[in-house]
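Asks: give me a model of this one.
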Amino acid sequence: MVFLPDESRALPPPPLVNKGSVWLGLVGWMAALLDNGFNRRPVIRAGVHRQILFTTVGWFVGYYLVKRTEYIHAKLDRELFEYVRHHPEDFKAAGIIS
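Replies: Down below sits the predicted model:
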């Protein structure tokens, strides 16, 4: 898969309710409300199925964006710790001046 490589399966999954999912779910819901408003339909009452669909799609996209972000950060951490392990002379403990 291009979006998430197979090695990302080793990471624990993010919680279902996270910042990205909530924000993009709200953005999806607001997009459905704006669509109703622009098309001169009752904003809240019309197209409830569309509101649920847009919210669900936003939630799904937010979840996978958070998952990808966590994978990228974990990969960067792994590379940095590997560099520190292979080059300990560059990372000597600084002496404490009293």
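Asks: what segments of this structure are helices?
Replies: Using DSSP state H, the helices of the chain run over 19-38, 48-86.
Asks: Ser8: which of those helices is closest?
Replies: Between Ser8 and those, the tightest spacing by Cβ to Cβ is seen for helix 48-86, at 4.2 Å. Heads up, the C-betas are built off the backbone N, CA and C, glycines and all.
Asks: got the angle between the closest one and helix 19-38?
Replies: Relative orientation of helix 48-86 and helix 19-38, computed by axes from the mean of the first three to the mean of the last three Cα atoms, to 10 degrees: 150 degrees.
Asks: re the thing from before, so can I have JSON lines of the helices of the chain showing mean neighbour count, distance to Pro13 and mean pLDDT?
Replies: Shown next, in JSON lines, are the helices of the chain (neighbours: other Cβ atoms under 10 Å; distance: least, Cβ to Cβ, whole Å; pLDDT from 0 to 100):
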{"stretch": "helix 19-38", "mean neighbour count": "16", "distance to Pro13": "12", "mean pLDDT": "97"}
{"stretch": "helix 48-86", "mean neighbour count": "14", "distance to Pro13": "7", "mean pLDDT": "95"}
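Asks: and those helices as CSV, adding distance to Glu7?
Replies: What follows is those, written out as CSV (distance: least, Cβ to Cβ, whole Å):
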stretch, distance to Glu7
helix 19-38, 21
helix 48-86, 8
